[in-house]
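Trainee: Okay, here's the prediction I keep looking at, along with the sequence it came from:
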Amino acid sequence: MRWALVKVCLAVTAMVVVAFAVPLGLVVQEMASDRAFSNAERQAATIGPTLSITTDPVQLRKAVESTQMGAARRMAVHVPAIGDSPPVSIGEGRAGERAVAETRRMGRATTASVAGGGSALLQPTALGSGDIAVVEIFVPESEVSNGVATAWLVLAGVGLALIVGSVGVADRLGARLVRPAERLADAAHQLGEGRLGARVPEDGPKELRSAAVAFNAMADQVVELLANERELAADLSHRLRTPLTVLRLNTASLGDGPAAEQTRAAVEQLEREVDTIIRTAREQRPATGLVGAGAGCDASEVIRDRMAFWSALAEDEGREVRLAGVDRTVRIPVARPELAAALDAMLGNVFRHTPEGTPFAVDVHDAGDAVIVLVSDAGPGIADPDAALRRGNDGGRDGSTGLGLDIVRRVAESTGGDVRLGRSVLGGTEVRVWIGLDGRSLGGPGAGRAGRGRRGNRRNRGRTAQA
C-alpha cells in the first residue's frame, strides 16, 4: 500500500511536470527567438534613413560599417538597379538572391536559412526613387537559442525537485496510513494466537481509528466472554463444593455397611467429576498475552471484587478474613481476567486444603518496580513447597485440579516476576506473588545478587505490611 501510493504520486507528479515544464520550455525558446529577430529588426532600421537619402555605394558602405551589425560583418544592403545604375550589394550577404527577390516582391520582412547554420532577416526598405532595397541581418544560432539551455536545465531541476518532494511526502503519508494498518493486522494475529491483551492504539486516519476502536471493543468483549466463562467455572466450584462438603460429612455418620460405602463412593466420585469439569475449563483457556496496550488492571479493585465473591463461603465456614493494602489504586500489567483467575486459584486452595474456621489474609504491597500479592492462612501449611510448585497440571491429588499454583506462576512469570511458598505469620502457608511493573526479571537464575537482595527487602517489607 505504501509503495503503491508512492508510485501513484510519482506518476501524477511526473505527468504534471511534463504538462507544465515542456510548454513552458517551448515558450522560453520562442521568446528567445523573438528577442533575437526583434533586435535584428531594430538594427536593420538604423540604415533606413541613409537609404532614404542616398544610394551611393560609397556613402552606403560607410553607413553600414558605422553600425553595430555592419562592424560585426552581419549586415548587408541589397540595392536594386535604378535607371542606368546596376544593382549594388554592400556587405557580406548570406541569403540567396531568390530570397532577396522574394522579399522585395512581398514588401515585408522575411527570414531565410543560411548554409552553415543561423538565419538571415531580410527587411525591405523604400528608397527615394520609389524602388525597394533589402537590408539583410545575419542572426547566428547561438543568439536565437541564447538562454534556452539554461531555462531547460532550471525547469528540469524544478521538475525533479517537485518529483522528489512529492515522493517524500507520499512516503510519509503512506507510512502514516500503513503503520496503523500494520499495527491492526499484528494485533489481529496476536488475538488469533490467543494473546488476549493485544490492543491497537486509536490513532491515524479517521477510518483506521474507527477500525482500531472496533477491534479494541471486540477484543474487550472476547476477554469479557472468557471472563464470564471462568466466572461460571468458579461459581460452579462455589455452588457445589459446600453441599458436597455437607454430604461428605453426613456420609461419615452413616456408619458401616454396603449402602454407606456406596454413598461415600458416590460423593467422592461426584467431587472428582466437579474437579474434572473445573480442570477442563482451565485447560481450555487460551494462552493470553498479559502485558500489552489495554491489558492492565487495578489489583486492589480485582482483589476487592473477588473477596466479595468468596466472602459468602468464608462466612458459611466461619473463617475470619483480613484485607490490607487494597484501599488505594495499584496498577499492574496483567489483564483483569488473569489476575482474577490467579486469585481464585489461591483462595480456592485456602478453602480446599485448610479446615473450616481457619482464618486467612490477602495483602497487596507496592514495592516501586513490582507489586507483591500475599495470600496467607493459619492452616497446617505445605510440607514440600518446591514440590507443590513443580506439581503444575498433573491433577495427582484427590480434591485438587492441580492447576491452581501453575496458573498463579504463569501470571507472575509473564511480567518477569515469580511465586514463592513459605510459612506465613499466621502460622500456615504464605503464597507470595511478585508482579513486575517494568518487564525485568525479578528472580530466577539470571537475577544475580542484586535481584536476591531486592527480593529479600521486598519480603521483609511485605511481612511488615502484613503484620
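Mentor: Arrived safely, thanks for sending.

Trainee: So Gly91 sits against Ala71, correct?
Mentor: No: proximity of Gly91 to Ala71 does not meet the contact threshold set by CB atoms under 8 Å, at 10.7 Å. C-betas here are computed from N, CA, C, even on glycine.

Trainee: and the nearest residue to Val6 once chain neighbours are set aside, what element?
Mentor: Once flanking residues are discounted, Val6 sits nearest to Ala170: 4.8 Å by CB to CB, 6 or more residues apart in numbering. Ala170 is part of helix 148-192, with elements assigned from DSSP states H and E.

Trainee: now do Arg322
Mentor: Using DSSP H and E, Arg322 falls in strand 321-324.

Trainee: For the next helix or strand after that strand, give me every contacting residue.
Mentor: As assigned by DSSP H and E, the chain's next helix or strand after strand 321-324 is strand 331-332. Strand 331-332 has contacts (CB atoms under 8 Å, 6 or more residues apart in numbering) with 296-299, 339, 371, 415, 435, 437.

Trainee: Okay, now the sheet partners of strand 331-332, with direction.
Mentor: In the sheet, strand 331-332 lines up against strand 297-298 (antiparallel) (DSSP bridges).

Trainee: now the contacts of strand 331-332 as JSON lines including secondary structure and distance to Ala314?
Mentor: Shown next, in JSON lines, are those (DSSP: H, G, I helix; E, B strand; the rest coil; distance: CB to CB, whole Å):
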{"residue": "Gly296", "secondary structure": "coil", "distance to Ala314": "28"}
{"residue": "Cys297", "secondary structure": "strand", "distance to Ala314": "23"}
{"residue": "Asp298", "secondary structure": "strand", "distance to Ala314": "22"}
{"residue": "Ala299", "secondary structure": "helix", "distance to Ala314": "20"}
{"residue": "Leu339", "secondary structure": "helix", "distance to Ala314": "20"}
{"residue": "Val371", "secondary structure": "strand", "distance to Ala314": "24"}
{"residue": "Thr415", "secondary structure": "coil", "distance to Ala314": "28"}
{"residue": "Ile435", "secondary structure": "strand", "distance to Ala314": "24"}
{"residue": "Leu437", "secondary structure": "coil", "distance to Ala314": "30"}
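
Trainee: So, low pLDDT: which residues of the stretch 1-150 of the chain?
Mentor: Applying pLDDT under 70 to the stretch 1-150 of the chain flags residues 1-2.

Trainee: Which parts of it are helices?
Mentor: 2-45, 48-53, 57-66, 68-71, 97-106, 141-144, 148-192 (DSSP state H, counting those that start in this stretch).

Trainee: Make a markdown table from these and add mean neighbour count to it.
Mentor: Formatted as a markdown table, those follow (neighbours: other CB atoms under 10 Å):
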| stretch | mean neighbour count |
| --- | --- |
| helix 2-45 | 15 |
| helix 48-53 | 14 |
| helix 57-66 | 15 |
| helix 68-71 | 17 |
| helix 97-106 | 16 |
| helix 141-144 | 15 |
| helix 148-192 | 15 |
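
Trainee: Rebuild the ones you listed as JSON lines, extending it with distance to Met307.
Mentor: Formatted as JSON lines, the helices of the stretch 1-150 of the chain follow (distance: least, CB to CB, whole Å):
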{"stretch": "helix 2-45", "distance to Met307": "51"}
{"stretch": "helix 48-53", "distance to Met307": "115"}
{"stretch": "helix 57-66", "distance to Met307": "117"}
{"stretch": "helix 68-71", "distance to Met307": "108"}
{"stretch": "helix 97-106", "distance to Met307": "112"}
{"stretch": "helix 141-144", "distance to Met307": "97"}
{"stretch": "helix 148-192", "distance to Met307": "31"}
